[in-house]
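[1] Sequence and predicted structure, then a few things I'm wondering about:
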Amino acid sequence: MNICILSNFTKTYLFHAVSQELAKANIHTYWIATNRPLYQFLKTEYGEERVLLINLDYSDQTAPIVKDFKLNELIYGDRYLRHKQTVGFNYLRHIQQPIYDFIQQHHIKVMMGEVTWSHEVLIHRMCQQCPELDCRFLNPHVVRIPDNRFAFFKDERQSQLLEVGQKDQWKHEVLEAKKPDYLKLNDKIVKKSSSLAGRLDRIRRFFTNENMDPLDPTLLPNVKQRVQIAGRQEWNKETYKLVESIPFEEVNTAPFVFLGLHKQPEASVDVFGRYYEDQLQNIKNLWRALPEGWHLLIKEHTNAIGDRDVAFYRAIKQLPGVYLVEATTNSYEMIQQAALVATITGTIAYEAALMGVPSVTFAPTFFNQLNSCRQITLEDLDQFLLSDIAHELAAQPDNRAEFSAFIYSNSFEGRMI
């Protein structure tokens with residue numbers, strides 16, 4: 001059996017180690033890479049025939065398209081190609097046939113990788129929409145709760161788990177909301193990055209172009225654009241200190257909807273949550289459906305400070321009944337007291353449902369299988385008050401035990417982030 005792995009920065013070395021074990025079971029690994037140094041490493045390990053390099057050189061080449069894979073959508077959701085759209089369109093057009101031929105000629109049965117970058121989503125769609133290839137795309141990723149377990153996701157939004165039916169794995173209690181360990185590690189990384197030493201290190205790497213392959217589509221080598229983006233983030237971090245937020249204790253007296261902001265750009269918003277990636281518009285849409293006497297409480301993600309400018313927060317505060325609470329507020333305390341929790345694809349909706357609190361997501365998620373968590377549409381907001389949606393979800397039968405069994409039966413021990 002032949003599988004193909006999409007190379008992705010340092011994870012490449014992890015999957016290289018995995019492929020060595022797979023080889024013992026007569027599973028042969030092929031690779032697709034966008035980064036030339038990683039391509040050279042893989043070519044040395046596996047031979048040139050088993051590795052395909054698809055870097056930005058293809059933007060200057062000519063090749064027929066395989067199918068219409070909605071390139072506008074892919075470009076819009078890509079954090080770097082959106083800054084160089086003409087190059088991006090040409091790139092995504094011209095890599096299609098080489099990828100198609102690589103899969104077909106080597107009889108690839110499983111494609112494995114992330115669905116963050118536009119070329120990854122393109123390959124996912126190719127596997128889905130070209131049945132003659134007889135190749136399926138699987139995305140290994142954590143299931144968030146319980147901690148240290150991962151599953152293989154079948155769709156590009158990470159909303160459908162591959163069902164493997166390990167019935168004997170169900171030897172656990174009903175899932176409980178608990179912050180994953182990797183979030184604590186991430187908080188330490190962010191804190192270090194925000195320190196003076198962390199900022200100086202970023203400046204050093206900026207000027208030395210460390211690990212910068214100018215033809216890698218997942219990197220932004222343009223110095224002017226990088227300066228603009230980095231400068232804007234640093235400015236936003238400093239000016240965020242001027243943003244007035246309110247202690248949760250002062251605004252939790254009325255029934256409220258809790259919405260947690262996402263870090264952005266991020267695949268969870270720009271790819272999995274596409275068409276709902278405008279977080280300010282989401283707030284306005286929820287506000288429109290807010291019942292009389294209810295509040296909408298917004299909490300900034302501590303890791304996202306710097307993503308948004310002051311104007312974003314001013315726009316929030318102009319809406320009557322909408323409040324920005326302190327970013328350091330305990331999200332669990334807010335969830336437990338909320339009448340409804342809302343997010344694009346965030347874990348807070350998952351945590352809320354496990355706590356028995358009604359929650360909604362704008363985009364589809366795998367935890368929408370919990371009866372107290374559902375995906376809502378603009379049509380729902382147009383037709384119903386948020387109180388109606390909250391009451392309907394609260395009245396649903398409790399299926400947390402069944403959902404817990406489903407997660408354990410179709411996930412594996414280990415961490416994949």
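    Yep, that arrived. Fair warning: this is a prediction, and the values are worked out from it, not measured in the lab.

[2] all strands in the protein, in order from the N-terminus.
    Ranges of strands in the chain, per DSSP state E, are 2-6, 28-33, 51-53, 108-112, 136-142, 149-153, 256-260, 295-299, 322-325, 340-343, 359-361, 373-375, 412-413.

[3] who does the last one pair up with?
    It refers to strand 412-413. Strand pairing for strand 412-413, using DSSP bridges, gives strand 149-153 (antiparallel).

[4] could you check the angle strand 108-112 makes with the partner strand?
    Following axes from the mean of the first three to the mean of the last three C-alpha atoms, to 10 degrees, one obtains 130 degrees for the angle between strand 149-153 and strand 108-112.

[5] Over strand 149-153, what's the mean pLDDT, rounded is fine.
    Throughout strand 149-153, pLDDT has a mean value of 96.

[6] Against Asn282, how distant is the nearest residue to Asp309 once chain neighbours are set aside?
    Across the structure, with C-beta to C-beta, 6 or more residues apart in numbering as the measure, the residue nearest Asp309 apart from its sequence neighbours is Asn236 (5.3 Å). For every residue, glycine as well, the C-beta is placed using N, CA and C. Relative to Asn282, Asn236 is positioned 19 Å away (C-beta to C-beta, to the nearest Å).

[7] check contacts around the residue nearest to Asp309.
    When the contact criterion is C-beta atoms under 8 Å, 6 or more residues apart in numbering, the partners of Asn236 are 305-310.

[8] Would you format the strands of the chain as TSV with mean neighbour count and distance to Pro98 included?
    Output for the strands of the chain, formatted as TSV (neighbours: other C-beta atoms under 10 Å; distance: least, C-beta to C-beta, whole Å):
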stretch	mean neighbour count	distance to Pro98
strand 2-6	22	13
strand 28-33	22	9
strand 51-53	22	7
strand 108-112	19	13
strand 136-142	19	17
strand 149-153	21	26
strand 256-260	26	41
strand 295-299	22	45
strand 322-325	21	48
strand 340-343	28	38
strand 359-361	27	36
strand 373-375	20	36
strand 412-413	12	33
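
[9] and the ones you listed, which one is worst for confidence?
    strand 412-413 (a mean of 92).

[10] Next, the buried residues of the top helix by length along the chain.
    In terms of residue count, the longest helix belonging to the chain (DSSP state H) is helix 223-239. With burial defined by 16 or more other C-beta atoms under 10 Å, the residues of helix 223-239 counted as buried are 226, 229, 233, 236.

[11] and of those, the nearest to Asn55?
    Using C-beta to C-beta, Arg226 comes nearest to Asn55 of the buried residues of helix 223-239, at 18.4 Å.

[12] quick one, what contacts the nearest residue to the closest one once chain neighbours are set aside?
    Closest residue to Arg226 apart from its sequence neighbours, by C-beta to C-beta, 6+ apart: Leu220 at 5.6 Å. Contacts for Leu220 were tallied using C-beta under 8 Å, 6+ apart; they are 80, 83, 226, 229.

[13] Quick check, pLDDT for the spatially most central residue of the chain.
    Residue closest to the mean C-alpha point of the chain, counted by C-alpha atoms, centre = their mean, is Ser268 at 2.4 Å. Ser268 is assigned 96 on the pLDDT scale.

[14] so it makes contact with Gly346?
    Yes - Ser268 sits in contact with Gly346 when judged by C-beta atoms under 8 Å, with a separation of 7.2 Å.

[15] so what sits against both of these two?
    Taking C-beta under 8 Å, 6+ apart as the contact rule, Ser268 and Gly346 both touch His262.

[16] tell me the helices in the stretch 201-350 of the chain, going along the chain?
    All helices of the stretch 201-350 of the chain, identified by DSSP state H, counting those that start in this stretch, fall at 223-239, 267-270, 279-288, 310-317, 331-337, 347-354.

[17] what about dumping the CA coordinates of the second one to CSV?
    Written as CSV, here are the backbone C-alpha positions of helix 267-270 (Å, rounded to 0.1, in the frame of the first residue of the first chain):
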residue,chain,number,x,y,z
ALA,A,267,-7.2,27.8,10.2
SER,A,268,-10.0,27.3,12.7
VAL,A,269,-11.5,30.6,11.4
ASP,A,270,-10.2,31.2,7.9
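
[18] Which pLDDT value goes with the residue nearest to Asp309?
    With respect to pLDDT, Asn236 has a value of 93.

[19] So it versus Ile229, what's the distance?
    Per C-beta to C-beta, Asn236 is found 11 Å from Ile229.

[20] One more: Ala311?
    Following C-beta to C-beta, the distance that separates Ala311 from Ile229 is 17 Å.

[21] And for Arg36?
    Between Arg36 and Ile229 the distance is 23 Å, computed by C-beta to C-beta.

[22] Kindly report the same for Phe256.
    Applying C-beta to C-beta to Phe256 and Ile229 gives a distance of 34 Å.

[23] Excluding sequence neighbours, find me the nearest residue to Leu71.
    Of all residues not flanking Leu71 in the chain, Leu92 sits nearest, at 5.1 Å (C-beta to C-beta, 6+ apart).

[24] Go ahead and confirm the one you found touches Leu122.
    Yes - distance between Leu92 and Leu122: 5.9 Å, which falls inside the contact criterion (C-beta under 8 Å).

[25] Need the overlap of contacts for those two.
    Between them, Leu92 and Leu122 have 69, 71, 74 as joint contacts when contacts are counted by C-beta under 8 Å, 6+ apart.

[26] Output the residues you listed in TSV, with pLDDT and distance to Glu132 appended to each entry.
    Listed next are those as TSV, based on pLDDT from 0 to 100; distance: C-beta to C-beta, whole Å:
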residue	pLDDT	distance to Glu132
Phe69	98	16
Leu71	97	21
Leu74	97	22
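
[27] By neighbours, which of the residues you listed wins?
    Ranked by the number of neighbours (other C-beta atoms under 10 Å), the shared contacts of Leu92 and Leu122 place Leu74 first, at 23 neighbours.

[28] Can you name the residues that contact it?
    Applying C-beta under 8 Å, 6+ apart, one finds that Leu74 lies in contact with 81, 92, 118, 121-122.

[29] In helices only, show me these.
    Filtering these for membership in helices, criterion DSSP H, returns 92, 118, 121-122.
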